[in-house]
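Asker: Got a predicted structure here, sequence first:
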Amino acid sequence: MPMSEYMKRLRARIGHEMLLIPTTTVLTFDDRDRVLLVRHGDVLRWTTAGGAIEPEERPADAAVREMWEETGLHVELTRILGVYGGPEFNTRYSNGDLVTFTMIVFEGRKTGGTLRPDGDETLELRYFDRAEIAGLDTQPWVRSVLEDAWRRRDTVSFAPPTWRPPQS
């Protein structure tokens with residue numbers, strides 16, 4: 001898996017310890033309301049196209065860049081679908097690195113490019129309808145994010161807070 005120079009420097013200092021990574025992902029839907037998913041080259045599960053926001057990079061730029069790198073598509077971001085994080089966003093890569101993502105999920109519209117996996121981060125690309133998602137081996141968070149996207153197309157989604165101040 002390609003790793004940015006920034007991430008290589010961090011990993012050299014902390015090893016495989018848990019690292020919080022701000023990320024973006026883009027959901028694109030075809031004219032039949034199917035969503036584009038990618039089969040990830042490291043964890044070998046179906047997931048959404050996206051990745052880390054680099055230092056000083058705008059989240060929207062990271063979303064468009066990651067979509068291009070992983071799928072060959074150029075997209076116009078049309079809205080924020082939601083903001084996500086929590087234990088279901090933990091991943092351990094095959095090299096032992098443990099990460100947890102805070103994810104900004106955008107909806108995007110294809111404006112150009114040719115659909116193609118990059119052969120490294122993404123092995124396959126395919127549009128899936130809601131019924132097909134149930135039978136896929138996906139990252140743990142994928143189904144809930146997609147259900148939010150299909151169910152709440154007119155609002156931004158996020159998990160309500162569970163933290164409360166200590167009782168005094």
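Answerer: Happy to help now that I have it. Numbering: from 1, shown residues only.

Asker: switch to C-alpha atoms for all contacts and neighbour counts from now on
Answerer: OK.

Asker: for this protein, what spans make up the helices?
Answerer: 5-14, 59-71, 130-133, 142-151 (DSSP state H).

Asker: helices and strands around the second one, which ones?
Answerer: Using 3 or more CA pairs under 8 Å, 6 or more residues apart in numbering; DSSP states H and E as the contact definition, the elements that helix 59-71 packs against are strand 19-28, strand 49-52, strand 73-84, strand 122-128.

Asker: Export the ones you listed as TSV, with columns for mean pLDDT, distance to Val35 and mean neighbour count.
Answerer: Compiled in TSV, the helices and strands packed on helix 59-71 are given as follows (pLDDT from 0 to 100; distance: least, CA to CA, whole Å; neighbours: other CA atoms under 10 Å):
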stretch	mean pLDDT	distance to Val35	mean neighbour count
strand 19-28	95	6	22
strand 49-52	94	11	24
strand 73-84	94	13	19
strand 122-128	96	5	19
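
Asker: what's the nearest residue to Pro87 if we skip its chain neighbours?
Answerer: Thr100 (7.4 Å; CA to CA, 6 or more residues apart in numbering).

Asker: hmm, back to that, need the helices and strands packed on helix 59-71 in JSON lines with distance to Arg58, can you?
Answerer: Converted to JSON lines, those look like this (distance: least, CA to CA, whole Å):
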{"stretch": "strand 19-28", "distance to Arg58": "10"}
{"stretch": "strand 49-52", "distance to Arg58": "11"}
{"stretch": "strand 73-84", "distance to Arg58": "13"}
{"stretch": "strand 122-128", "distance to Arg58": "23"}
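
Asker: I figured Asp42 was touching Ser94, is that so?
Answerer: Yes - taking contacts as CA atoms under 8 Å, Asp42 lies within contact range of Ser94: 6.4 Å.

Asker: more neighbours, those two?
Answerer: Taking other CA atoms under 10 Å, Asp42 and Ser94 do not tie; Asp42 has more neighbours (15 against 10).

Asker: How much space separates that one from Arg126?
Answerer: 17 Å (CA to CA, to the nearest Å).

Asker: And for Thr23, nearest residue in space, chain neighbours not counted?
Answerer: Ala52 (4.3 Å).

Asker: Before I go, just wanted to say thanks for your time.
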